[in-house]
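Participant: Quick one: sequence plus predicted model below, questions after.
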Amino acid sequence: GENVEQHPSTLSVQEGDSAVIKCTYSDSASNYFPWYKQELGKGPQLIIDIRSNVGEKKDQRIAVTLNKTAKHFSLHITETQPEDSAVYFCAARRTDSWGKLQFGAGTQVVVTP
Amino acid sequence: EPEVTQTPSHQVTQMGQEVILRCVPISNHLYFYWYRQILGQKVEFLVSFYNNEISEKSEIFDDQFSVERPDGSNFTLKIRSTKLEDSAMYFCASSELAGGPGELFFGEGSRLTVL
């Protein structure tokens, strides 16, 4: 089955700097890659997603890149702010398994002022 | 903004007891899911549900688990005879389209503690 690895497990950045989180996946049938942000006491919230027919997607300070050949995708947050502090999860989903997201282990991001 | 709501937020139960976790998905959504997260581990898929039947389930979702949509608004997860290892945060999610835009909206979770 699909296995998603996520690195790093924790990331501390100065406010205004960039943060990068990397994930790899194993199943070449995966075609949808969302990123979720989870704040303390809340459920995961989708912040950006990318499909396998696209190499990069950007939404304001957040961008995601996908390398299908290498089976890895990354989340980039620029100009980080204290409110970006949270746990971030990557996930992957197969074409034929619309409800089943396979999650990475999560990255605790701490943005220090 | 519409949201998925879950009750209870925290439940403590004795091993062997039955537990029902409740979810109210977003009103126009047609697809429903349960995930769980054991402390310190990954978020894991349990089951997906559409048109009043299970679409897919993981190997975790064995005979002690069941799901139901008893009325037009609630979606429930029942654990028949809880074990210590069922202690986890259980997340309900819903989505409007299968496959399409594909966004799953998650609730805030129900923390289950089995003693």
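Facilitator: Received it, and whenever you're ready, just let me know what you need.
Participant: check contacts around residue 15.
Facilitator: Chain wasn't specified; assuming chain A. A:Thr80, A:Gln81, A:Pro82, A:Val111, A:Thr112, A:Pro113 (CB atoms under 8 Å, 6 or more residues apart in numbering or on different chains). Placement of C-beta: from N, CA and C, glycine included.
Participant: meant chain B, my bad for not saying
Facilitator: Counted by CB under 8 Å, 6+ apart, B:Met15 has contacts B:Thr82, B:Lys83, B:Leu84, B:Val114, B:Leu115.
Participant: returning to what we had before: of the contacts of A:Glu15, which one scores lowest on pLDDT?
Facilitator: pLDDT across those is at its lowest for A:Pro113, which sits at 89.
Participant: Verify the stated contact: that one with A:Pro82.
Facilitator: Yes. Because the distance of 5.9 Å satisfies CB atoms under 8 Å, A:Pro113 is recorded as touching A:Pro82.
Participant: Same drill for the two, tell me which one is more crowded.
Facilitator: A:Pro82 (10 against 7; other CB atoms under 10 Å in any protein chain shown).
Participant: With distance to A:Lys42 as extra columns, can I get the contacts of B:Met15 in TSV?
Facilitator: As requested, those are exported to TSV (distance: CB to CB, whole Å):
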residue	distance to A:Lys42
B:Thr82	25
B:Lys83	27
B:Leu84	26
B:Val114	23
B:Leu115	26
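Participant: Now the buried members of those residues.
Facilitator: Buried by 16 or more other CB atoms under 10 Å in any protein chain shown: B:Thr82, B:Val114, out of these.
Participant: Among the contacts of B:Met15, which one lies nearest to chain A?
Facilitator: The nearest member of those to chain A, counting by CB to the nearest CB, is B:Val114 at 20.7 Å.
Participant: remind me which residues of chain B are low pLDDT?
Facilitator: Residues of chain B that meet the criterion pLDDT under 70 lie in B:98-102.
Participant: Which residue is it, in it, that comes closest to chain A?
Facilitator: Counting by CB to the nearest CB, chain B gets nearest chain A through B:Ser48, at 3.0 Å.
Participant: from what I can see that residue touches B:Tyr35, true?
Facilitator: No. Using CB under 8 Å, B:Ser48 is not in contact with B:Tyr35, being 9.8 Å away.
Participant: For the residue sitting nearest the centre point of chain B, which non-adjacent residue is spatially closest?
Facilitator: Centroid-nearest residue in chain B, with CA atoms, centre = their mean: B:Trp34, separated by 3.0 Å. Distances taken as CB to CB, 6 or more residues apart in numbering or on different chains put B:Leu46 closest to B:Trp34, at 4.3 Å, once the chain neighbours are dropped.
Participant: right, and the one you found touches B:Phe61 too?
Facilitator: Yes. Counting by CB under 8 Å, B:Leu46 does reach B:Phe61; the two are 5.0 Å apart.
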